[in-house]
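*Asks:* how would this look folded up:
(one chain, ligands or ions: 2)
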Amino acid sequence: MSRNTSPKLCILGCGTMGRAILSGILSSLSSGVQSSSGNESAFTPEKFIACVAGEESGHRVKRDFGDRVTLLIGENIKGVGEADIVLLCTKPQVARTILMESGMAQVLEGKLVISILAGVTIKQLKDWVPDSTRVIRAMPNTPCMIREGMTVLSCLANIQAHDKELALWVFSTLGRVRFLDEKHLDAVTGLSGSGPAFACVILEAMADGGVMMGLPRDVSFELSAQALQGAAKMVLQTGKHPSEIKDSVTTPAGCTIAGLLTMEDGKIRSTLARTIQEATYVYGKSDRNTSRYLKRAIYDQVRCYVWKVVMSGMKVQSTIS
Ligand SMILES: NC(=O)C1=CN([C@@H]2O[C@H](COP(=O)(O)OP(=O)(O)OC[C@H]3O[C@@H](n4cnc5c(N)ncnc54)[C@H](OP(=O)(O)O)[C@@H]3O)[C@@H](O)[C@H]2O)C=CC1
Ligand SMILES: O=C(O)[C@@H]1CCC=N1
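*Replies:* Ligands and ions are numbered 1, 2, ... in the order given. The predicted model follows:
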(Lines give C-alpha, C1' and ligand atoms only; values in the text may rest on other atoms or scores of the structure.)
(Ligands and ions follow the chains in the order given, each with its own letter.)
Protein backbone atom coordinates (compact mmCIF):
# COMPACT_ATOMS: atom_id res chain seq x y z
CA MET A 1 0.00 0.00 0.00
CA SER A 2 1.34 3.40 -0.89
CA ARG A 3 1.10 5.93 1.94
CA ASN A 4 -0.90 8.24 -0.29
CA THR A 5 -3.63 5.76 -1.15
CA SER A 6 -6.53 4.82 1.08
CA PRO A 7 -6.07 1.45 2.75
CA LYS A 8 -8.35 -1.58 2.54
CA LEU A 9 -9.37 -2.87 5.96
CA CYS A 10 -10.15 -6.51 6.73
CA ILE A 11 -11.99 -7.28 9.98
CA LEU A 12 -10.84 -10.82 10.61
CA GLY A 13 -13.61 -12.18 12.86
CA CYS A 14 -16.58 -9.85 12.70
CA GLY A 15 -18.68 -10.59 15.80
CA THR A 16 -19.68 -8.25 18.64
CA MET A 17 -16.48 -6.20 18.63
CA GLY A 18 -15.81 -6.37 14.90
CA ARG A 19 -19.30 -5.02 14.24
CA ALA A 20 -18.97 -2.41 17.01
CA ILE A 21 -15.76 -1.11 15.43
CA LEU A 22 -17.18 -1.19 11.89
CA SER A 23 -20.35 0.64 13.04
CA GLY A 24 -18.27 3.32 14.69
CA ILE A 25 -15.97 3.86 11.71
CA LEU A 26 -18.81 3.86 9.17
CA SER A 27 -20.93 6.26 11.20
CA SER A 28 -17.99 8.59 11.70
CA LEU A 29 -17.37 8.57 7.95
CA SER A 30 -21.00 9.19 7.08
CA SER A 31 -21.38 11.96 9.66
CA GLY A 32 -18.26 13.63 8.33
CA VAL A 33 -17.03 14.13 11.89
CA GLN A 34 -13.27 14.41 11.99
CA SER A 35 -11.28 12.16 14.26
CA SER A 36 -9.23 13.86 16.95
CA SER A 37 -6.04 12.92 15.11
CA GLY A 38 -7.02 14.80 11.90
CA ASN A 39 -5.28 13.38 8.79
CA GLU A 40 -8.56 11.87 7.55
CA SER A 41 -7.86 11.45 3.84
CA ALA A 42 -4.64 9.44 4.18
CA PHE A 43 -6.19 6.87 6.50
CA THR A 44 -9.86 6.62 5.52
CA PRO A 45 -10.28 3.04 4.27
CA GLU A 46 -11.57 2.75 0.73
CA LYS A 47 -12.89 -0.77 1.30
CA PHE A 48 -14.10 -2.82 4.27
CA ILE A 49 -13.96 -6.62 4.25
CA ALA A 50 -15.56 -8.69 7.04
CA CYS A 51 -14.48 -12.32 7.53
CA VAL A 52 -16.59 -14.67 9.64
CA ALA A 53 -16.75 -18.43 10.13
CA GLY A 54 -20.47 -19.19 9.95
CA GLU A 55 -23.72 -18.13 8.22
CA GLU A 56 -25.30 -16.67 11.36
CA SER A 57 -22.45 -14.23 11.93
CA GLY A 58 -22.61 -13.45 8.22
CA HIS A 59 -26.34 -12.58 8.46
CA ARG A 60 -25.61 -10.15 11.27
CA VAL A 61 -22.91 -8.41 9.22
CA LYS A 62 -25.27 -8.18 6.19
CA ARG A 63 -28.12 -6.93 8.40
CA ASP A 64 -25.96 -4.18 9.96
CA PHE A 65 -23.89 -3.03 6.98
CA GLY A 66 -25.47 -4.30 3.74
CA ASP A 67 -23.33 -3.52 0.71
CA ARG A 68 -21.01 -1.12 2.52
CA VAL A 69 -18.97 -4.13 3.63
CA THR A 70 -17.72 -7.09 1.59
CA LEU A 71 -18.70 -10.20 3.53
CA LEU A 72 -16.60 -13.36 3.29
CA ILE A 73 -17.64 -16.55 5.07
CA GLY A 74 -14.87 -19.10 5.57
CA GLU A 75 -12.53 -17.22 3.22
CA ASN A 76 -9.97 -15.66 5.55
CA ILE A 77 -7.03 -15.92 3.17
CA LYS A 78 -8.96 -14.15 0.42
CA GLY A 79 -10.04 -11.42 2.86
CA VAL A 80 -6.55 -10.82 4.23
CA GLY A 81 -5.07 -11.03 0.73
CA GLU A 82 -7.29 -8.17 -0.47
CA ALA A 83 -6.51 -5.94 2.54
CA ASP A 84 -3.70 -3.63 3.61
CA ILE A 85 -4.63 -3.63 7.30
CA VAL A 86 -6.01 -6.58 9.25
CA LEU A 87 -8.06 -5.91 12.36
CA LEU A 88 -7.90 -9.20 14.26
CA CYS A 89 -11.18 -9.56 16.17
CA THR A 90 -11.67 -13.31 16.66
CA LYS A 91 -11.81 -14.98 20.06
CA PRO A 92 -8.27 -15.33 21.47
CA GLN A 93 -8.41 -19.16 21.46
CA VAL A 94 -8.80 -19.48 17.67
CA ALA A 95 -6.36 -16.77 16.57
CA ARG A 96 -3.25 -18.93 16.42
CA THR A 97 -4.93 -21.53 14.17
CA ILE A 98 -6.29 -18.80 11.90
CA LEU A 99 -2.97 -16.94 11.58
CA MET A 100 -0.97 -20.13 11.05
CA GLU A 101 -3.36 -21.64 8.51
CA SER A 102 -1.60 -22.78 5.36
CA GLY A 103 -1.36 -19.89 2.88
CA MET A 104 -1.98 -17.18 5.50
CA ALA A 105 1.71 -16.25 5.91
CA GLN A 106 1.98 -15.31 2.23
CA VAL A 107 -1.00 -12.94 2.32
CA LEU A 108 0.14 -11.38 5.61
CA GLU A 109 3.58 -10.41 4.25
CA GLY A 110 4.28 -6.71 4.78
CA LYS A 111 0.87 -5.95 6.30
CA LEU A 112 -0.21 -4.27 9.50
CA VAL A 113 -2.16 -6.44 11.96
CA ILE A 114 -4.03 -4.67 14.75
CA SER A 115 -5.13 -7.24 17.32
CA ILE A 116 -7.89 -6.64 19.86
CA LEU A 117 -7.49 -10.09 21.41
CA ALA A 118 -7.54 -10.03 25.19
CA GLY A 119 -4.50 -11.63 26.79
CA VAL A 120 -2.58 -12.37 23.58
CA THR A 121 0.78 -10.61 23.67
CA ILE A 122 2.61 -8.88 20.84
CA LYS A 123 5.34 -11.51 21.17
CA GLN A 124 2.83 -14.35 20.70
CA LEU A 125 1.30 -12.59 17.71
CA LYS A 126 4.73 -11.96 16.16
CA ASP A 127 5.47 -15.69 16.51
CA TRP A 128 2.36 -16.51 14.48
CA VAL A 129 2.94 -14.10 11.56
CA PRO A 130 5.81 -13.56 9.10
CA ASP A 131 8.69 -11.26 10.16
CA SER A 132 7.56 -8.57 7.71
CA THR A 133 4.12 -8.28 9.36
CA ARG A 134 3.83 -5.35 11.76
CA VAL A 135 1.75 -5.85 14.89
CA ILE A 136 -0.09 -3.38 17.12
CA ARG A 137 -2.22 -4.43 20.09
CA ALA A 138 -5.43 -2.61 20.92
CA MET A 139 -7.90 -2.99 23.77
CA PRO A 140 -11.16 -1.26 22.81
CA ASN A 141 -14.61 -1.70 24.36
CA THR A 142 -18.19 -2.11 23.12
CA PRO A 143 -19.13 1.62 23.34
CA CYS A 144 -16.94 2.00 20.21
CA MET A 145 -20.23 1.11 18.49
CA ILE A 146 -21.66 4.54 19.40
CA ARG A 147 -18.28 6.25 19.19
CA GLU A 148 -17.98 6.55 22.97
CA GLY A 149 -15.30 3.87 23.19
CA MET A 150 -12.09 3.75 25.20
CA THR A 151 -9.17 2.12 23.43
CA VAL A 152 -5.64 1.59 24.64
CA LEU A 153 -2.98 0.86 22.02
CA SER A 154 0.37 -0.77 22.54
CA CYS A 155 3.26 -1.56 20.24
CA LEU A 156 6.96 -2.34 20.21
CA ALA A 157 9.38 0.59 20.10
CA ASN A 158 10.41 -0.13 16.51
CA ILE A 159 6.94 0.30 14.98
CA GLN A 160 6.81 3.02 12.31
CA ALA A 161 5.18 6.37 13.11
CA HIS A 162 2.81 5.94 10.15
CA ASP A 163 1.43 2.67 11.57
CA LYS A 164 0.93 4.25 15.00
CA GLU A 165 -0.84 7.23 13.44
CA LEU A 166 -3.05 4.93 11.42
CA ALA A 167 -4.09 2.89 14.48
CA LEU A 168 -4.64 6.12 16.37
CA TRP A 169 -6.86 7.38 13.55
CA VAL A 170 -8.97 4.19 13.43
CA PHE A 171 -9.69 4.19 17.15
CA SER A 172 -10.01 7.96 17.57
CA THR A 173 -13.01 7.77 15.21
CA LEU A 174 -14.54 5.49 17.86
CA GLY A 175 -13.98 7.51 21.02
CA ARG A 176 -11.01 8.11 23.28
CA VAL A 177 -7.67 6.47 22.57
CA ARG A 178 -4.22 6.45 24.18
CA PHE A 179 -0.98 4.49 23.97
CA LEU A 180 0.32 2.59 27.01
CA ASP A 181 3.13 0.14 27.66
CA GLU A 182 2.03 -3.45 26.97
CA LYS A 183 2.58 -4.45 30.61
CA HIS A 184 -0.63 -2.55 31.44
CA LEU A 185 -2.89 -4.22 28.90
CA ASP A 186 -4.33 -6.93 31.18
CA ALA A 187 -5.36 -4.24 33.68
CA VAL A 188 -6.79 -2.16 30.83
CA THR A 189 -8.77 -5.21 29.70
CA GLY A 190 -10.16 -5.68 33.22
CA LEU A 191 -11.00 -1.99 33.62
CA SER A 192 -12.14 -0.36 30.36
CA GLY A 193 -12.49 -3.54 28.25
CA SER A 194 -14.83 -5.27 30.69
CA GLY A 195 -15.98 -2.00 32.29
CA PRO A 196 -19.19 -1.57 30.27
CA ALA A 197 -20.47 -4.86 31.74
CA PHE A 198 -19.65 -3.80 35.30
CA ALA A 199 -21.19 -0.37 34.72
CA CYS A 200 -24.40 -1.98 33.45
CA VAL A 201 -24.71 -4.05 36.64
CA ILE A 202 -24.41 -0.84 38.69
CA LEU A 203 -26.85 0.94 36.39
CA GLU A 204 -29.36 -1.90 36.63
CA ALA A 205 -29.04 -2.13 40.42
CA MET A 206 -29.62 1.62 40.83
CA ALA A 207 -32.65 1.39 38.54
CA ASP A 208 -33.97 -1.53 40.62
CA GLY A 209 -33.85 0.80 43.61
CA GLY A 210 -35.97 3.31 41.70
CA VAL A 211 -38.45 0.56 40.78
CA MET A 212 -38.55 -0.53 44.42
CA MET A 213 -39.57 3.01 45.33
CA GLY A 214 -42.33 3.09 42.71
CA LEU A 215 -40.73 4.48 39.56
CA PRO A 216 -41.65 2.81 36.25
CA ARG A 217 -38.83 0.56 34.97
CA ASP A 218 -38.15 2.55 31.78
CA VAL A 219 -38.01 5.85 33.69
CA SER A 220 -35.68 4.24 36.24
CA PHE A 221 -33.28 3.12 33.49
CA GLU A 222 -33.25 6.58 31.95
CA LEU A 223 -32.58 8.31 35.27
CA SER A 224 -29.92 5.84 36.31
CA ALA A 225 -28.10 5.88 32.94
CA GLN A 226 -28.15 9.66 32.63
CA ALA A 227 -26.95 10.11 36.24
CA LEU A 228 -23.99 7.78 35.57
CA GLN A 229 -23.24 9.37 32.21
CA GLY A 230 -23.44 12.88 33.69
CA ALA A 231 -21.13 12.01 36.57
CA ALA A 232 -18.63 10.32 34.22
CA LYS A 233 -18.67 13.30 31.85
CA MET A 234 -18.08 15.70 34.75
CA VAL A 235 -14.94 13.76 35.67
CA LEU A 236 -13.71 13.67 32.06
CA GLN A 237 -14.62 17.22 31.12
CA THR A 238 -13.69 19.10 34.30
CA GLY A 239 -10.76 16.94 35.32
CA LYS A 240 -12.09 17.11 38.89
CA HIS A 241 -11.44 14.28 41.33
CA PRO A 242 -14.56 12.07 41.67
CA SER A 243 -14.66 12.71 45.42
CA GLU A 244 -15.01 16.44 44.77
CA ILE A 245 -18.03 15.81 42.58
CA LYS A 246 -19.45 13.40 45.18
CA ASP A 247 -18.98 15.97 47.96
CA SER A 248 -20.73 18.65 45.93
CA VAL A 249 -23.85 16.43 45.78
CA THR A 250 -23.79 15.66 49.48
CA THR A 251 -25.86 18.04 51.62
CA PRO A 252 -25.17 17.79 55.36
CA ALA A 253 -27.86 15.63 56.99
CA GLY A 254 -29.34 15.13 53.51
CA CYS A 255 -30.37 12.07 51.54
CA THR A 256 -27.06 11.58 49.67
CA ILE A 257 -24.97 10.99 52.78
CA ALA A 258 -27.59 8.50 53.97
CA GLY A 259 -27.21 6.61 50.69
CA LEU A 260 -23.41 6.89 50.70
CA LEU A 261 -23.09 5.37 54.17
CA THR A 262 -25.30 2.48 53.08
CA MET A 263 -22.99 1.93 50.09
CA GLU A 264 -19.93 1.92 52.32
CA ASP A 265 -21.61 -0.58 54.69
CA GLY A 266 -21.89 -2.87 51.66
CA LYS A 267 -18.13 -2.53 50.96
CA ILE A 268 -18.91 -1.26 47.50
CA ARG A 269 -15.49 0.30 46.92
CA SER A 270 -13.44 -2.80 47.67
CA THR A 271 -15.97 -4.98 45.84
CA LEU A 272 -15.63 -2.89 42.68
CA ALA A 273 -11.85 -2.51 42.96
CA ARG A 274 -11.49 -6.28 43.46
CA THR A 275 -13.77 -6.81 40.46
CA ILE A 276 -11.17 -5.11 38.27
CA GLN A 277 -8.37 -7.02 40.04
CA GLU A 278 -10.08 -10.37 39.34
CA ALA A 279 -10.85 -9.43 35.73
CA THR A 280 -7.19 -8.50 35.24
CA TYR A 281 -5.94 -11.84 36.60
CA VAL A 282 -7.88 -13.85 34.04
CA TYR A 283 -5.50 -12.90 31.22
CA GLY A 284 -2.50 -12.04 33.40
CA LYS A 285 -1.61 -15.73 33.55
CA SER A 286 2.02 -15.50 34.60
CA ASP A 287 1.25 -12.74 37.08
CA ARG A 288 2.62 -13.22 40.57
CA ASN A 289 -0.93 -12.78 41.87
CA THR A 290 -2.04 -15.85 39.96
CA SER A 291 0.55 -17.87 41.83
CA ARG A 292 -0.79 -16.30 45.02
CA TYR A 293 -4.15 -17.83 44.12
CA LEU A 294 -2.50 -21.12 43.25
CA LYS A 295 -0.68 -21.15 46.60
CA ARG A 296 -3.96 -20.44 48.36
CA ALA A 297 -5.68 -23.30 46.48
CA ILE A 298 -2.85 -25.70 47.38
CA TYR A 299 -2.96 -24.52 51.01
CA ASP A 300 -6.73 -25.15 51.11
CA GLN A 301 -6.28 -28.64 49.64
CA VAL A 302 -3.56 -29.50 52.17
CA ARG A 303 -5.64 -28.12 55.04
CA CYS A 304 -8.60 -30.20 53.90
CA TYR A 305 -6.41 -33.33 53.67
CA VAL A 306 -4.90 -32.77 57.15
CA TRP A 307 -8.40 -32.22 58.53
CA LYS A 308 -9.59 -35.51 57.01
CA VAL A 309 -6.58 -37.35 58.46
CA VAL A 310 -7.21 -35.87 61.91
CA MET A 311 -10.92 -36.74 61.71
CA SER A 312 -10.26 -40.31 60.61
CA GLY A 313 -7.69 -40.59 63.43
CA MET A 314 -10.29 -39.44 65.93
CA LYS A 315 -12.77 -42.00 64.57
CA VAL A 316 -10.18 -44.73 64.96
CA GLN A 317 -9.47 -43.55 68.54
CA SER A 318 -13.16 -43.62 69.46
CA THR A 319 -13.63 -47.13 67.94
CA ILE A 320 -10.65 -48.43 69.97
CA SER A 321 -11.85 -46.89 73.23
N1 LIG B 1 -16.68 -8.28 23.73
C2 LIG B 1 -16.00 -7.27 24.23
O3 LIG B 1 -16.54 -6.40 24.92
C4 LIG B 1 -14.54 -7.15 23.95
C5 LIG B 1 -13.85 -8.15 23.30
N6 LIG B 1 -12.52 -8.00 23.02
C7 LIG B 1 -11.82 -9.04 22.27
O8 LIG B 1 -12.42 -9.06 21.01
C9 LIG B 1 -12.35 -10.35 20.45
C10 LIG B 1 -13.70 -10.72 19.88
O11 LIG B 1 -14.66 -10.73 20.90
P12 LIG B 1 -16.20 -10.71 20.53
O13 LIG B 1 -16.44 -9.78 19.40
O14 LIG B 1 -16.91 -10.51 21.82
O15 LIG B 1 -16.39 -12.23 20.02
P16 LIG B 1 -17.48 -12.81 19.01
O17 LIG B 1 -17.57 -14.26 19.28
O18 LIG B 1 -18.72 -12.00 19.06
O19 LIG B 1 -16.81 -12.60 17.57
C20 LIG B 1 -15.84 -13.44 17.07
C21 LIG B 1 -15.95 -13.45 15.57
O22 LIG B 1 -14.92 -14.29 15.06
C23 LIG B 1 -15.47 -15.10 14.05
N24 LIG B 1 -14.68 -16.32 13.87
C25 LIG B 1 -14.60 -17.41 14.66
N26 LIG B 1 -13.80 -18.33 14.10
C27 LIG B 1 -13.37 -17.80 12.93
C28 LIG B 1 -12.54 -18.25 11.90
N29 LIG B 1 -11.96 -19.44 11.94
N30 LIG B 1 -12.34 -17.43 10.85
C31 LIG B 1 -12.92 -16.20 10.78
N32 LIG B 1 -13.72 -15.72 11.73
C33 LIG B 1 -13.94 -16.50 12.79
C34 LIG B 1 -16.85 -15.41 14.56
O35 LIG B 1 -17.65 -15.90 13.49
P36 LIG B 1 -18.76 -17.04 13.81
O37 LIG B 1 -19.70 -16.41 14.80
O38 LIG B 1 -19.34 -17.28 12.50
O39 LIG B 1 -18.01 -18.20 14.41
C40 LIG B 1 -17.27 -14.03 15.04
O41 LIG B 1 -17.73 -13.26 13.97
C42 LIG B 1 -11.86 -11.28 21.55
O43 LIG B 1 -10.54 -11.63 21.28
C44 LIG B 1 -11.97 -10.45 22.81
O45 LIG B 1 -10.94 -10.76 23.69
C46 LIG B 1 -11.83 -6.87 23.33
C47 LIG B 1 -12.46 -5.85 23.96
C48 LIG B 1 -13.86 -5.90 24.36
O1 LIG C 1 -14.62 -10.84 28.65
C2 LIG C 1 -13.65 -10.81 27.88
O3 LIG C 1 -12.76 -11.65 27.94
C4 LIG C 1 -13.57 -9.71 26.85
C5 LIG C 1 -12.32 -8.89 26.98
C6 LIG C 1 -12.77 -7.57 27.52
C7 LIG C 1 -14.20 -7.61 27.40
N8 LIG C 1 -14.62 -8.77 27.00
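
*Asks:* This protein against ligand 1: which residues are in contact?
*Replies:* 13-18, 51-54, 57, 76, 89-92, 94, 98, 116-118, 139-142, 193 (C-beta under 6 Å from any ligand atom). (C-beta placed from N, C-alpha, C; glycine too.)

*Asks:* And those, which of them are buried?
*Replies:* 13-15, 17-18, 51-53, 57, 76, 89-90, 98, 116-118, 139-142, 193 (16 or more other C-beta atoms under 10 Å).

*Asks:* Apart from its neighbours in sequence, what residue is nearest the residue in the chain positioned nearest to ligand 1?
*Replies:* Across the chain, the shortest distance to ligand 1 (C-beta to the nearest ligand atom) belongs to Gly15, at 1.9 Å. Excluding the flanking residues, the one nearest Gly15 by C-beta to C-beta, 6 or more residues apart in numbering is Ser57, at 6.0 Å.

*Asks:* Kindly report the same for Ala83.
*Replies:* For Ala83, the nearest residue in space outside its immediate sequence neighbours is Cys10; the separation is 3.5 Å by C-beta to C-beta, 6+ apart.

*Asks:* Next, the one you found: secondary structure please.
*Replies:* Taking DSSP: H, G, I helix; E, B strand; the rest coil as the rule, one finds Cys10 in the strand state.

*Asks:* ok, it - contacts?
*Replies:* 49-51, 79-80, 82-83, 85-87 (C-beta atoms under 8 Å, 6 or more residues apart in numbering).

*Asks:* ok, what's across the strand from it?
*Replies:* In this structure, Cys10 has the following beta-bridge partners (DSSP bridges): Ile49, Val86.

*Asks:* Would you check how far apart it and Val52 are?
*Replies:* Plainly put, Cys10 is 12 Å away from Val52 if you go by C-beta to C-beta, to the nearest Å.

*Asks:* quick one: common contacting residues for the two?
*Replies:* Counting by C-beta under 8 Å, 6+ apart, Cys10 and Val52 have no shared contacts at all.
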